[in-house]
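K.L.:
what follows is a predicted structure for the sequence shown.
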2 protein chains.
Amino acid sequence: MNDRITRLTTTQSDFDSALAKLLAWDDSVDHQVNESVRHILREVKTRGDAAVLEFTEKFDRLKVGSMAELEMDKGRLQAALERIPRDQRVALEKAAERVRDYHERQDQKSWQYEDEDGTILGQKVTPLDRAGLYVPGGKAAYPSSVLMNAIPAKVAGVGELIMVVPTPDGVVNDMVLAAAAIAGVDRVFTLGGAQAVAALAYGTETVPAVDKIVGPGNIFVATAKREVFGVVGIDMIAGPSEILVICDGKTDPDWIAMDLFSQAEHDEQAQSILISPDAAFLDAVEASINKLLPTMEREEIIRTSMIGRGALIHVADLKEAAEVSNRIAPEHLELSVEDPQAMLEDIRHAGAIFMGRYTAEALGDYCAGPNHVLPTSGTARFSSPLGVYDFQKRSSLIGFSPKGADRMGRVASVLARGEGLTAHARSAEYRINE
Amino acid sequence: MNDRITRLTTTQSDFDSALAKLLAWDDSVDHQVNESVRHILREVKTRGDAAVLEFTEKFDRLKVGSMAELEMDKGRLQAALERIPRDQRVALEKAAERVRDYHERQDQKSWQYEDEDGTILGQKVTPLDRAGLYVPGGKAAYPSSVLMNAIPAKVAGVGELIMVVPTPDGVVNDMVLAAAAIAGVDRVFTLGGAQAVAALAYGTETVPAVDKIVGPGNIFVATAKREVFGVVGIDMIAGPSEILVICDGKTDPDWIAMDLFSQAEHDEQAQSILISPDAAFLDAVEASINKLLPTMEREEIIRTSMIGRGALIHVADLKEAAEVSNRIAPEHLELSVEDPQAMLEDIRHAGAIFMGRYTAEALGDYCAGPNHVLPTSGTARFSSPLGVYDFQKRSSLIGFSPKGADRMGRVASVLARGEGLTAHARSAEYRINE
């Protein structure tokens, strides 16, 4: 490579600011995109199907007579499943099975308990009535993403799962449709962009309104999701993908280089960082990077990403590696070390943690079981992988016995009067036993 | 009352549109507020303490020499606790105990399991490092809100909980400080408005940056929270408070009228709705409303709210009442009926459900145990009460055995190549046992 990948060491005096600069990511909103998205949302909200058809003709160059032509029936999904190569079908089915198994363990149950006064307290868990899944069309069409978004919704018990996927110029992706068939998606519309998000959020004559919209998309889709948040729920707005590898220096450097590439190949903004207490190992991985790069199909994307946003960081020991990792709060964290379980207690923030030399991050993208939709850009400090819990919500349950209402009514009365809310106080006082 | 409260019946031909009109709530953003908030955020982000001091002097008319003067030490909180009337202290402590007991049941545990290949899968639950709690100053200063926001954070194990509360003109609220002492808040700054949100989100020389900001506030606070979302986590942006009461007609109509008032007194935009299959009971409650209204301290607010946004809805039976309730997805739902547990299975969307004639909603606001921070404006369709889970996040755990990596590497390889991501494929293939 002409330019070298960034090297940092925690002993350099400006390490903190150099790390901050490396991680800085500008996700400021594009004013023009905002205006255009707001226009599309308004039109679809007020004019429904007619507006959706116009935008689909304009952006996807797809002219149809009615919305009905933009719905794909289940036979079409099933046909795609039967048409794809046998090994791909088997792999999709195996991946779906493992993803389903893992997510079933996230299912939450309602609970109730009774206190000594006979008062009942609890929490009722209910799945969403209807969820919408956005799937990008074109080259970024990932069947794995269909599985990862749809399966948690189905495990949660969502009543109806509606997928939208643009088919620019009428091009459909059989693997995506096959994944939808395997995951049990209920309805599919060939719509995309902000108009698809609007249709799902507000509903049209043909597309039913959903309660939550999940799934990745371009800047128009992300902006539209941000705008409709509140009308419906949304998942996280994702930034560029990231991997942080912590290695004790005893993993094959080619393996580590390829693990870094597996994020870098996503796009030029993806971020791949390696941390090690072994400086010679950092050299060895850099040599592997230089050796392997010319053999990669997506060489240019990987090169740009590695030089622009990648880094090799030297630390004193694995303890310090964990500290630096916590500051980064990476989306993907590989612990390529002898005893990853021992390191685990020092790791506080990460979307997913890949433990041990055999756990390539790429396995997690497809078929390990856990979700590949993960918090990016340091948001693992406060948010979680997509899961069954994103498709369920809780309602608190409170049932006072007369005795409990008498006892706690007195407490509520004092506090309500302290806050000057006398209707609250009197409502509670009616239930006090004089 | 001069104007009467709205009456609807599900048999009227325009019921659907009349209900939609009743529920409509415009939360469109104010452009001027937006600009002003963005300016404040930018200034605090770049100039830190200096900007915070300027805005505090400007908006709260509070001139101090340094940020240190805007921090309240724990002694000051403790003094407030000792100064408030004895019955208020006992009530706050009793409420805190019940809130803590309930929330402890929401604590989530990490889990791991091993599959037949020796591969480990799991989920690690970690509390947030640091959370910020916004508490409004002035007349809307509610100590109950301090308990409801702070206790779940402490139960979750948040490392440091930082409260901000404006003290316009230097006026402090002892009950709020006492509640902070009881809840175990770690640090308190007398800051408010968008500048407080900015200080918590970005950090300043004095105020440490937090990972999530919760708590209610005015339009400037809400707009600032919306803007910093992504940099930090936030709780829901709350709309006006709502109550929906379903009554079989056998509860004292005065009780029901007062329950409706207890929401209506919050503000003119609050919404109180009663649904009953008993038309004569709706008349009786309306009579109670007219009788009780002149006796209320907050008569004008209640009147405006009841006439502007309240409604009495006649339905065929309790089954239909549940259906209408699910369409509304209310923040608070009172089931003032003989057998609330039997009705529970028909209720899909509600922030909190108050079961039986003795369960005044007001009890839930203070001391029942469950949280009073609840999803408003129909967002109970997809979101939950504030809880311990809002202060914890999950990391997926994946640890492949060599055998597991061999088996699943083959699956990942097929899928990655199907998606054209060959670095992913090769990273997985390195771990395949040839």
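P.N.:
Ah, there it is.
K.L.:
find me the pLDDT at the nearest residue to A:Arg61 once chain neighbours are set aside, would you?
P.N.:
Excluding the flanking residues, the one nearest A:Arg61 by CB to CB, 6 or more residues apart in numbering or on different chains is A:Asp169, at 5.4 Å. Every C-beta, even on glycine, is put in place using the N, C-alpha and C of the backbone. At A:Asp169, the predicted lDDT confidence score is 87.
K.L.:
can you pull the contacts of A:Asp169?
P.N.:
A:Asp60, A:Arg61, A:Leu62 (CB atoms under 8 Å, 6 or more residues apart in numbering or on different chains).
K.L.:
that one in helix, strand or coil?
P.N.:
Following DSSP: H, G, I helix; E, B strand; the rest coil, we place A:Asp169 in the helix state.
K.L.:
distance check, it against A:Leu62.
P.N.:
7 Å (CB to CB, to the nearest Å).
K.L.:
ditto for A:Leu397
P.N.:
Counting by CB to CB, the gap from A:Leu397 to A:Leu62 is 48 Å.
K.L.:
between the two, which one's more packed in?
P.N.:
A:Leu397 (26 against 20; other CB atoms under 10 Å in any protein chain shown).
K.L.:
are we agreed that that one is in a strand?
P.N.:
Yes - counting by three-state DSSP, A:Leu397 is located in a strand.
K.L.:
show me the contacts for the residue nearest to A:Asp365 when sequence neighbours are not counted.
P.N.:
Spatial nearest neighbour of A:Asp365, excluding adjacent residues (CB to CB, 6+ apart): A:His372 at 4.8 Å. Contact partners of A:His372, counting by CB under 8 Å, 6+ apart, are A:Ser144, A:Ser145, A:Met148, A:Ala352, A:Gly364, A:Asp365, A:Tyr366.
K.L.:
could you look up the SS state of A:His372?
P.N.:
A:His372 - assigned by three-state DSSP - is coil.
K.L.:
how about it, phi and psi?
P.N.:
phi -100, psi 0 (degrees, to the nearest 10).
K.L.:
next one: it from A:Glu331, what distance?
P.N.:
10 Å.
K.L.:
same check on A:Asn290?
P.N.:
26 Å.
K.L.:
quick one, which of those two is more surrounded?
P.N.:
Neighbours around A:Asn290 and A:Glu331, counted as other CB under 10 Å, are more numerous at A:Glu331. The numbers are 29 against 13.
K.L.:
gap between that one and chain B?
P.N.:
For A:Glu331, the distance to chain B equals 10 Å [CB to the nearest CB, to the nearest Å].
K.L.:
which pLDDT value goes with that residue?
P.N.:
Looking at A:Glu331, the pLDDT reads 97.
K.L.:
around chain B, pick out the residues from the stretch 201-350 of chain A.
P.N.:
A:211-212, A:230, A:232-233, A:237, A:252, A:254-255, A:258-259, A:261-262, A:264-266, A:296-298, A:302, A:340-341, A:344, A:347-350 (CB under 8 Å from any CB of the partner chain).
K.L.:
looking at these, which are in helices?
P.N.:
A:Asp254, A:Trp255, A:Met258, A:Asp259, A:Phe261, A:Ser262, A:Ala264, A:Ile302, A:Pro340, A:Gln341, A:Leu344 (DSSP state H).
K.L.:
and those, which two are furthest apart?
P.N.:
The largest separation in those, counting by CB to CB, is between A:Ile302 and A:Gln341 at 31.5 Å.
K.L.:
who has more neighbours out of those two?
P.N.:
Shown here are A:Ile302 and A:Gln341; by other CB under 10 Å, A:Ile302 has more neighbours (26 against 14).
K.L.:
separation between the more buried one and B:Glu104?
P.N.:
The value you get for A:Ile302 to B:Glu104, if CB to CB is used, is 48 Å.
K.L.:
buried residues, the host helix or strand of A:Gly75. List them.
P.N.:
Per DSSP states H and E: A:Gly75 is located in helix A:74-83. Of all the residues in helix A:74-83, those buried under the rule 16 or more other CB atoms under 10 Å in any protein chain shown are A:Leu77, A:Ala80, A:Leu81.
K.L.:
and for the second one, nearest residue in space, chain neighbours not counted?
P.N.:
I take that to be A:Ala80. In space, A:Ala80 is closest to A:Leu177, 3.6 Å off (CB to CB, 6+ apart).
K.L.:
quick one: residues contacting the one you found.
P.N.:
With CB under 8 Å, 6+ apart, A:Leu177 has these contacts: A:Met72, A:Arg76, A:Leu77, A:Ala80, A:Leu81, A:Val188.
K.L.:
wait, A:Val337 sits on A:Ile256?
P.N.:
No - assessed by CB atoms under 8 Å, A:Val337 is found out of contact with A:Ile256, at 11.6 Å.
K.L.:
separation between A:Val158 and chain B?
P.N.:
A:Val158 is 10 Å from chain B, by CB to the nearest CB.
K.L.:
which pLDDT value belongs to that residue?
P.N.:
98.
K.L.:
that one - that's part of a strand, no?
P.N.:
No - read with three-state DSSP, A:Val158 is coil and lies in no strand.
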